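> Give me coordinates for this.
(2 chains)
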Amino acid sequence: MKPAPFDYFAPTSVEEAVDRLAELGYSGKVLAGGQSLIPAMNFRMARPAALVDLNKIEELAYIRPTDDGGLAIGTMTRDSVVEDSDLVKQRFPIVAEVMPNIAHKQIRNRGTFGGAIAHADPAAQIPALTLLLDAKLKIISKKGERWVDAPDFFMGPFMTVLEPEDLLAEVLLPGLQPGTGSSYKQVSRQKGGYAQAAAITKVVMDGIKVKDVRVVLFSVGETAILTQEPARVLTGQVPTSEAIEAVAAYVAMNECDPGSDIHGTTEYRRNLVHVLVRRSLNEAIERAKK
Amino acid sequence: MADKVNVKITVNGKLYEREVEPRLLLSDFIRHDLGLTGTHVGCEHGLCGACTVLMNGESVRSCILFTVMADGAEIRTVESLGTMDNMHPLQEAFQEKHALQCGFCTPGILMTAVEFLDGNPNPTAEEAREAIDGNFCRCTGYENIVEAVQLAAKKMAAH
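Model (predicted):
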């Protein structure tokens, strides 16, 4: 239970960090909060030859309001800081609602918002939030900077478009439309444990009709899943309980791919998706009406 | 072998300057290098919470942090709480409520509770239960721990 040796670099600026990452290439790995990487290294499932530790780069930890009502979140912002931020509560109540479900306080005190996105665990909450909220991800390397939309960022389980020399620097969340309602529903075996299935929904209503709806699932596929059926069926319609039920059933059968393990079968977890999509749609619509 | 790194870390108010291997876990630094064996190591991969210490006032799991990441930080371990003759209100409450049996998980729970009571001086049982959701106890069934955390809150308010 001890990590293999590695070379260690602790840059104090982004410039220094991307220079180092470019020099190290495939032998380098970014260390953010370390709350997933270090356990993997303790097991020696991960054996990076060199770590570039971002913890001393103060310019990467911030939450800044943007003019469109959104937020720019620096990659090294701790999960607990996001969780407790008044700006986050005001502008993205769904983010504040989701954060306390990530592992435990001790983990959230060190884990980082950007680290979770770069790690791309299919059972993680923050990557799912980026899909829900149309996040734009700022990537910096020695070659320059580029922006990637969240749906284009995740390639598979623990796989993203990040190259070895890349640094995920900022998460930009565009402002929500006024009157957006949202809801988070998950089932896990214990508080802080991995979700067996989870659904996050946001809805904008136009009177009694749905103007815009989005449902994201996680823990039931190779990445978080931005579902298609809710928007296809419900947009412009009155969301009757029959329509919501049909959408939830369709999503559970056709838009996720849950595995079987000792905690639950594929069939059981499809059933969870069905129930959680229904509940989160209902709650998000209720909240949007207020 | 990777080069050693110089770190300066304050532990329980005392500044230590050491050369450490980058891969040295903070839990091993505390126990092996500093000899502070009050911090316990259970699972060694961030599940059980036994190794919880405070880093700049925040609870962290020392088995999933490298010592080098704590360079410049202030660490508090269970040894900072009290002595046999002059126990911390949390320690008194754990004794009075019989909130430990084997005691292996206790240091981690105490340090978790220090941070928790700092932010919530009058918790409900539900809140106390949630606060220790990252700490495994395999003996007590948690009931007495929850009661002890609440009793400690009352003791600390009376101080």
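
> Figure out the helix or strand that the closest residue to A:Thr66 other than its chain neighbours lives in.
Excluding the flanking residues, the one nearest A:Thr66 by Cβ to Cβ, 6 or more residues apart in numbering or on different chains is A:Ala72, at 5.7 Å. In this view, the C-beta of every residue, glycine as well, is placed from N, C-alpha and C. Applying DSSP states H and E as the criterion places A:Ala72 in strand A:71-74.

> how close does A:Ile107 sit to B:Ile9?
21 Å (Cβ to Cβ, to the nearest Å).

> cool, and B:Thr52?
17 Å.

> buried stuff in the biggest strand by length in chain A?
In chain A, with assignment by DSSP state E, the single longest strand is strand A:195-206. By neighbour count with 16 or more other Cβ atoms under 10 Å in any protein chain shown, strand A:195-206 contains the buried residues A:Ala195, A:Gln196, A:Ala197, A:Ala198, A:Ala199, A:Ile200, A:Thr201, A:Lys202, A:Val203, A:Val204, A:Met205.

> Report the beta-bridge partner residues of the last one.
In this structure, A:Met205 bridges to A:Val210 when assessed by DSSP bridges.

> near chain A, which residues of chain B?
With Cβ under 8 Å from any Cβ of the partner chain as the criterion, chain B meets chain A at residues B:1-3, B:5, B:21-23, B:25, B:28, B:44-46, B:49, B:52, B:55, B:58-61, B:63-66, B:68-69, B:71, B:112, B:115-116, B:130-131, B:133-134.

> buried subset of those?
B:5, B:21-23, B:25, B:28, B:44-46, B:49, B:52, B:55, B:58-61, B:63-66, B:68-69, B:71, B:112, B:115-116, B:130-131, B:133-134.

> ok, the residue of chain B found nearest chain A - contacts?
Scanning chain B for the residue nearest chain A gives B:Gly134, at 2.7 Å (criterion: Cβ to the nearest Cβ). Contact analysis of B:Gly134 by Cβ atoms under 8 Å, 6 or more residues apart in numbering or on different chains lists A:Ala103, A:His104, A:Lys105, A:Gln106, A:Ile107, A:Gly192, B:Gly49, B:Thr52, B:Arg61, B:Thr112.

> one more time with 7 Å, if that's ok
Contacts for B:Gly134 were tallied using Cβ atoms under 7 Å, 6 or more residues apart in numbering or on different chains; they are A:His104, A:Lys105, A:Gln106, A:Ile107, A:Gly192, B:Gly49, B:Thr112.

> Other residues contacting whatever helix or strand B:Ala128 lives in?
Taking DSSP H and E as the definition, B:Ala128 sits inside helix B:125-131. Helix B:125-131 has contacts (Cβ under 7 Å, 6+ apart) with A:Lys191, B:Thr112, B:Ala113, B:Phe116, B:Asn120, B:Pro123, B:Val146, B:Val149, B:Gln150.

> Now do it, average pLDDT.
Mean pLDDT, helix B:125-131: 96.

> Now A:Leu234: closest residue in space, sequence neighbours ignored.
Closest to A:Leu234 by Cβ to Cβ, 6+ apart is A:Val210, at 4.6 Å.

> how much space between that neighbour and A:Lys290?
From A:Val210 to A:Lys290 the distance is 15 Å (Cβ to Cβ).

> Repeat that for A:Glu222.
With distances taken as Cβ to Cβ, A:Glu222 is found 36 Å from A:Lys290.

> repeat for A:Gly156
Counting by Cβ to Cβ, the gap from A:Gly156 to A:Lys290 is 39 Å.

> Can you tell me the closest non-neighbouring residue to the closest residue to chain B within the stretch 51-200 of chain A?
Taking Cβ to the nearest Cβ, chain B has its nearest neighbour within the stretch 51-200 of chain A at A:His104, 2.7 Å off. Computed as Cβ to Cβ, 6+ apart, the closest residue to A:His104 that is not its neighbour in sequence is B:Gly134, at 2.7 Å.

> Check whether that neighbour sits in a helix, strand or coil.
Secondary structure, DSSP: H, G, I helix; E, B strand; the rest coil: B:Gly134 is coil.

> any idea how far it is from A:Glu97?
B:Gly134 sits 19 Å away from A:Glu97, going by Cβ to Cβ.

> what's downstream of the strand holding A:Ala72, the next helix or strand?
Scanning forward in sequence from strand A:71-74 by DSSP H and E, the next helix or strand is helix A:79-84.

> Next, the angle strand A:195-206 makes with whichever helix in chain A runs longest.
Looking across chain A with DSSP state H, the single longest helix is helix A:266-289. Here the directions of helix A:266-289 and strand A:195-206 differ by 30 degrees (axes from the mean of the first three to the mean of the last three Cα atoms, to 10 degrees).

> A:Arg278: what's it in contact with?
Counting by Cβ under 7 Å, 6+ apart, A:Arg278 touches A:Ile244, A:Glu245, A:Ala248.

> From those, list just the buried residues.
Of these, these count as buried by 16+ other Cβ under 10 Å: A:Ile244, A:Ala248.

> quick one: which of the contacts of A:Arg278 is nearest A:Leu60?
Distance to A:Leu60 across the contacts of A:Arg278 (Cβ to Cβ) is lowest for A:Ala248, with 39.3 Å.

> And the helix or strand containing the closest one, what does it pack against?
Using DSSP H and E, the element containing A:Ala248 is helix A:241-254. Secondary-structure packing of helix A:241-254 (3 or more Cβ pairs under 7 Å, 6 or more residues apart in numbering or on different chains; DSSP states H and E): helix A:229-234, helix A:266-289.

> Tell me the secondary structure of B:Asn144, please.
Applying three-state DSSP: B:Asn144 is helix.

> What separation do you get for it and B:His98?
In terms of Cβ to Cβ, B:Asn144 sits 5 Å off from B:His98.

> who's more crowded, those two?
The neighbour count for B:Asn144 versus B:His98, taken as other Cβ atoms under 10 Å in any protein chain shown, is higher for B:Asn144 (20 against 13).

> which SS state does the residue nearest to the more buried one when sequence neighbours are not counted fall under?
Excluding its sequence neighbours, the residue lying closest to B:Asn144 (Cβ to Cβ, 6+ apart) is B:Ala99, at 4.3 Å. What three-state DSSP gives for B:Ala99 is coil.

> Sticking with B:Asp118, tell me its helix or strand.
Assessed by DSSP H and E, B:Asp118 sits inside helix B:106-119.
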